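Student: Here is my input; please provide its structure:
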Amino acid sequence: MGHKLKIAGWMAIGAFAGALTTVSLQTVARNTMAPLPLEELQQLAAVFSIIKSDYVEPVDEKKLITDAISGMVSSLDPHSQYFDKKSFQEFREGTSGKFVGVGIEITQEDGLVKVVSPIEGSPAFRAGLKTNDLITRIDDAAVKGLTLNEAVKRMRGEPNTKVILTIYRKDENRTFPVTIVREEIKQQSVRGKVLEPGYAWVRISQFQERTTEDFVKKLEEIYKQDPKLKGLVLDLRNDPGGLLSAAIAVSSAFLPDDVTVVSTKGQTTESNDVFKSGGKYMGTNGANLIKSLPASIKKIPLIVLVNEGSASASEIVSGALQDHRRATIMGSQTFGKGSVQTFRPLSQETGVKITTSRYYTPSGRSIQAKGIMPDVLVDETAEGSPYAVLRMREADLEKHLTNGAEQKNEALEKAREDAMKRLEDESRKPASERKAPEFGSSEDFQLQQALNQLKGKTVQVSKTQTERKETPKDN
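Tutor: Next up is the predicted model:
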C-alpha cells in the first residue's frame with residue numbers, strides 16, 4: 001500500500017488551475033504508440049508550411065508547434081493541459097504549497113480571470129482581493145484573449161517584484177487597479193480550534209504535500225487542549241482538491257484500516273485501481289502520522305461541511321466518509337469533479353496532463369458532473385443561499401466529461417437570472433453589510449448548524465437548495 005500511495009500521490013484530482021495550482025500528477029512512461037492518421041498529419045504539415053511561408057509576419061516555428069499541441073490537448077476537457085518548461089515547474093510548485101506569486105486561486109469566466117479565493121495571509125489577501133473579483137488586466141496586458149495558463153505566467157515572477165492587477169468588482173460595479181508585491185506563498189492548508197468545551201473545528205483549504213502532517217499536528221493540539229472531545233466538524237468548503245495521497249490519509253484518520261476510500265477506472269491498466277485506508281503516512285521525524293492519533297478519532301461523532309467549491313480530493317474524502325456512514329455530510333451539493341489526470345512526459349521538461357480515468361466512491365458512485373449530495377442541506381445564512389446558483393460547477397465547464405446525457409436546464413437558467421437581479425440589488429448596499437462571515441467564526445451559520453447536529457439540537461435545513469441533476473435528452 002505504501003508503494004501504491006507513493007505513485008498515486010501525484011495523481012491529478014484537483015478542480016482549478018491557476019496562480020495556486022490545485023492539482024497533482026502521476027508520471028507514467030508509455031512505450032506504445034497508437035497508429036497515426038497520416039492524411040490528417042499531412043494536412044497539419046501543409047498548414048504549418050503555409051503559415052511559415054505566407055503569413056504576413058515571420059512566425060516562431062516552435063511556438064506554432066507548441067500552440068498546436070496545447071490546442072489539441074485543451075480541446076479534450078477543462079482539465080487536460082500541455083506544459084512547457086515554465087508551466088510544468090509552476091505545476092509542481094502548486095502541489096508543494098510553495099510558489100512565488102500573488103496568492104490567489106483562480107478560474108476563468110467570460111475570457112477573464114476570476115478569483116475563486118485569495119489565499120489567507122497572501123499579498124492578494126492583504127491587498128483586499130475578494131472571491132468573484134474579475135481580473136481584466138495584468139500590468140499593461142488585457143486578460144481577454146489570454147489562456148488561464150498565460151495569465152498565471154504574467155502573475156508569477158521573482159520575489160519582491162511588483163505586478164499591477166486591474167480588478168472589476170461586480171457587486172460594487174467598479175474597476176480599480178491594485179499593486180501587489182510578489183512573494184513566496186506558503187499556504188497553510190490546515191486550520192482548527194476548539195469551538196467550545198467538547199467540540200472542535202478543523203478546516204482543510206487544500207490537499208498538499210504537508211497536509212497530512214499539518215492535519216495530524218492540528219488534531220493533536222486540539223486533543224491536548226480538550227482530551228474529552230465529543231464531536232468534530234471537518235470543514236472542506238471551498239477546498240478545490242489536491243493530492244490523492246493526502247485525501248486518502250485524511251480519510252484513513254477516521255476509517256478502519258483496509259477499507260476502500262476511492263477507486264479509479266479508465267482505458268489503461270494503470271488507470272484502474274482501488275485505494276484503501278491505512279497506509280504508512282510518515283512525517284518528517286519518521287513517525288507513522290495517522291497511527292499516532294488518539295484511538296477515539298475513529299469513533300468521534302463527525303460532521304463534514306461541503307459546498308459548491310468543494311471539489312475532487314475533498315469530494316473523495318466526503319464521499320468515502322458518507323458511503324462508510326462514518327460522518328454526516330452537511331452544506332451544499334459539491335463541485336462534481338470526478339476525473340483523474342495523469343502526466344505523460346514529452347521530454348525532461350515538458351509534458352501533457354490528460355484525463356485518464358474517472359474516480360468512484362466506495363459504493364461505486366461516479367460523481368462526475370454531479371457531485372456529492374449532502375445528507376443534510378444547509379444554507380449559507382439563516383435567510384438562505386440566494387447566490388449559490390451562480391457559482392461555477394463541473395457541469396458548467398465547457399467540454400466537461402458527462403455522467404450521462406445532458407441538455408440545457410431552462411429552470412437553472414431562470415434561477416440564475418433571478419439571482420443576478422438579487423445580486424444587483426445587494427450591490428447597492430454599503431460594503432459593511434455585504435461582508436460574508438469568516439469560516440470558523442461565531443457568525444458562520446453552517447458551522448453553527450453542524451454544532452447543532454452534533455449536539456442533537458434542531459438544525460435549520462435549507463430553504464433554497466434542491467439537488468442539481470443531469471437532465472436526460474429526449475429520445
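
Student: And for stretch 113-131, what's in contact with it?
Tutor: When contacts are defined by Cβ atoms under 8 Å, 6 or more residues apart in numbering, stretch 113-131 is touched by residues 16, 18, 20, 102-108, 132-135, 138, 143, 148, 151, 165, 167, 169, 178-183, 185, 187-188, 205, 238, 240, 309, 392. Quick note: C-beta positions are derived from backbone N, CA and C, even for glycine.

Student: what ranges do the strands span in the stretch 1-150 of the chain?
Tutor: For the stretch 1-150 of the chain, the strands defined by DSSP state E, counting those that start in this stretch occupy 81-83, 98-101, 104-109, 112-118, 134-138, 141-142.

Student: Can you lay out those as TSV showing mean neighbour count and distance to residue 291?
Tutor: Shown next, in TSV, are the strands of the stretch 1-150 of the chain (neighbours: other Cβ atoms under 10 Å; distance: least, Cβ to Cβ, whole Å):
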stretch	mean neighbour count	distance to residue 291
strand 81-83	24	37
strand 98-101	20	27
strand 104-109	22	32
strand 112-118	22	33
strand 134-138	20	44
strand 141-142	12	51
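
Student: who wins for proximity to residue 194 among the ones you listed?
Tutor: Nearest to residue 194, of all the strands of the stretch 1-150 of the chain, is strand 112-118, at 25.0 Å by Cβ to Cβ.

Student: just checking, residue 244 touches residue 317?
Tutor: No - because the distance of 10.6 Å does not satisfy Cβ atoms under 8 Å, residue 244 is recorded as not touching residue 317.

Student: Tabulate the strands of the stretch 1-150 of the chain (TSV), appending distance to residue 69.
Tutor: Formatted as TSV, the strands of the stretch 1-150 of the chain follow (distance: least, Cβ to Cβ, whole Å):
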stretch	distance to residue 69
strand 81-83	5
strand 98-101	24
strand 104-109	20
strand 112-118	23
strand 134-138	24
strand 141-142	23
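
Student: could you dump those strands to CSV with mean pLDDT?
Tutor: Shown next, in CSV, are those (pLDDT from 0 to 100):
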stretch, mean pLDDT
strand 81-83, 89
strand 98-101, 81
strand 104-109, 82
strand 112-118, 85
strand 134-138, 95
strand 141-142, 94
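
Student: In the protein, what helix or strand scores lowest on average pLDDT?
Tutor: Sorting the helices and strands of the chain by mean pLDDT, DSSP states H and E puts helix 2-8 at the bottom, at a mean of 32.

Student: just the helices in the stretch 51-200 of the chain please.
Tutor: Using DSSP state H, counting those that start in this stretch, the helices of the stretch 51-200 of the chain run over 61-74, 85-96, 123-126, 148-155.

Student: How about the stretch 251-400 of the chain?
Tutor: Here the stretch 251-400 of the chain has its helices, by DSSP H, counting those that start in this stretch, at 313-323.

Student: can you list the domains in this structure?
Tutor: 100-186, 190-455 (automatic domain parsing).

Student: For residue 87, find the nearest of those domains.
Tutor: That would be domain 100-186 among the domains of the chain, by Cβ to Cβ, at 5.5 Å.

Student: returning to that earlier point: among the helices of the stretch 51-200 of the chain, show the one with the smallest mean pLDDT.
Tutor: Mean pLDDT per stretch puts helix 85-96 lowest among these, at a mean of 68.

Student: any idea how far residue 103 is from the closest residue to residue 157 other than its chain neighbours?
Tutor: Using Cβ to Cβ, 6 or more residues apart in numbering and skipping residues adjacent in sequence, the residue nearest residue 157 is residue 182, 5.0 Å away. Distance of residue 182 to residue 103, given as Cβ to Cβ, to the nearest Å: 9 Å.

Student: more crowded one of the two?
Tutor: Between residue 182 and residue 103, counting by other Cβ atoms under 10 Å, residue 103 is the more crowded of the two (28 against 20).
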